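1. sequence-free structure coming up:
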């Protein structure tokens, strides 16, 4: 079973602009407990580089573009280029992720099913690989 996938979000548009709705257990496959966003990120400085024990995430580039690299436990890398506010990336718990290559105007919106807890971070990929 995949522990990450692209979510295509429906956009409602008219002559006034566009709107995307995100609701618990509908467009977002979990109950949202935390929302944060990253902006003014340096394009050459990666963010993330960890996994989480309990947290799932939905990532949306609401402006600009961001690349997200997922490192599978096998060591294989998958790279996703988020550059459209109608496209999201869902990542399950225990998945190594790294955000990088932020464009100048990038804003990355992140939704999570857990409140922040520094004890649930796995910062060593070798420890994650041993957690099958």
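-> Cool, the structure landed. The model shown is predicted, which means the values in this text are computed figures rather than measured ones.

2. contact partners for the residue nearest to the spatial centre of the chain?
-> For the chain, residue 59 is the residue whose C-alpha lies nearest the centre (CA atoms, centre = their mean; 3.1 Å). Residue 59 is in contact with 66, 68, 82, 88, 89, 91, 99, 108, 109, 110, counting by CB atoms under 8 Å, 6 or more residues apart in numbering. The way it works is simple: take the backbone N, C-alpha and C, and place the C-beta from them, glycine included.

3. which ones are touching residue 107?
-> Going by CB under 8 Å, 6+ apart, residue 107 touches 37, 38, 39, 61, 62, 63, 64.

4. same question for residue 99.
-> Residue 99 touches 38, 41, 46, 47, 48, 59, 66, 67, 68, 108, counting by CB under 8 Å, 6+ apart.

5. excluding its backbone neighbours, what's nearest it?
-> residue 47 (4.3 Å; CB to CB, 6 or more residues apart in numbering).

6. could you give the number of residues near the one you found?
-> 16 (other CB atoms under 10 Å).
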